[in-house]
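1. Sequence plus predicted model, see below.
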Amino acid sequence: MRIALIAHDKKKELMIQFAKDHEDYLSNHTLYATGTTGKRIMENTKLKVNLKKSGPLGGDQEIGSMIANGKLDLVFFFRDPLTAQPHEPDVSALLRLCDVYDVPLATNNAAADLFIKHLKGK
């Protein structure tokens with residue numbers, strides 16, 4: 001499975017903890033992430049992550065392109081709903097593409113944990 005991992009600045013620590021908690025499962029899949037999030041995950045786990053640009057520098061658009069081209073199966077995007085994002089149009093476009101192309105999307109830790117639990121068959 002091809003999985004994208006994205007997190008806004010205030011959610012990066014939560015994404016790193018999520019990656020640690022599910023490292024055994026995630027290690028069996030091809031991972032992609034926006035720049036800073038991916039680097040931080042690799043620094044804190046043994047996971048190999050294919051890096052895209054940082055979100056504000058086009059990484060969200062790169063992930064969106066992967067969705068539109070059928071190159072992603074699942075997206076974990078831990079969003080910060082309480083902080084304005086300078087690249088909000090890119091974020092909205094990425095979310096819309098998940099809906100258009102029917103790609104499962106978890107935008108918070110609880111949903112992401114449920115996805116993993118379901119995928120593990122538990």
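-> Arrived safely. Numbering: from 1, shown residues only.

2. Which positions within the lowest-mean-pLDDT helix or strand in the chain qualify as buried?
-> Least confident helix or strand of the chain, by mean pLDDT, DSSP states H and E, is helix 88-100 with a mean of 92. Under the neighbour-count criterion of 16 or more other Cβ atoms under 10 Å, helix 88-100 has 90-91, 93-95, 97-98 buried. From N, CA and C alone the C-beta is placed, and that goes for glycine too.

3. Quick check: the farthest pair among those?
-> Spanning the widest gap among the buried residues of helix 88-100 are Asp90 and Cys98, at 13.2 Å by Cβ to Cβ.

4. Any stretches of this structure with poor pLDDT?
-> 122 (pLDDT under 70).

5. Spell out the residue ranges of the helices in it.
-> 12-21, 23-26, 35-44, 59-68, 88-100, 109-120 (DSSP state H).

6. Can you convert those helices into a markdown table and add a column each for distance to Lys52?
-> Below are the helices of the chain laid out as a markdown table (distance: least, Cβ to Cβ, whole Å):
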| stretch | distance to Lys52 |
| --- | --- |
| helix 12-21 | 15 |
| helix 23-26 | 17 |
| helix 35-44 | 6 |
| helix 59-68 | 4 |
| helix 88-100 | 11 |
| helix 109-120 | 19 |
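
7. Find the one among the ones you listed with the highest mean neighbour count.
-> Counting by mean count of other Cβ atoms under 10 Å, helix 59-68 has the highest mean neighbour count of the helices of the chain, with a mean of 21.

8. And for that helix, what's in contact with it?
-> 2, 4, 6, 32, 34-35, 52-53, 72, 75, 87, 90-91, 93-94, 97-98, 100-101, 103 (Cβ atoms under 8 Å, 6 or more residues apart in numbering).

9. could I get that helix in PDB with only the CA atoms?
-> Extracted in PDB, the C-alpha atoms of helix 59-68 (Å, rounded to 0.1, in the frame of the first residue of the first chain):
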ATOM      1  CA  GLY A  59       4.500  19.500  -1.100                       C
ATOM      2  CA  ASP A  60       0.700  19.400  -0.600                       C
ATOM      3  CA  GLN A  61       0.400  19.900  -4.400                       C
ATOM      4  CA  GLU A  62       2.900  17.100  -5.100                       C
ATOM      5  CA  ILE A  63       0.800  14.700  -2.800                       C
ATOM      6  CA  GLY A  64      -2.300  15.900  -4.600                       C
ATOM      7  CA  SER A  65      -0.800  15.100  -8.000                       C
ATOM      8  CA  MET A  66       0.000  11.600  -6.700                       C
ATOM      9  CA  ILE A  67      -3.700  11.200  -5.600                       C
ATOM     10  CA  ALA A  68      -4.900  12.400  -9.000                       C
END
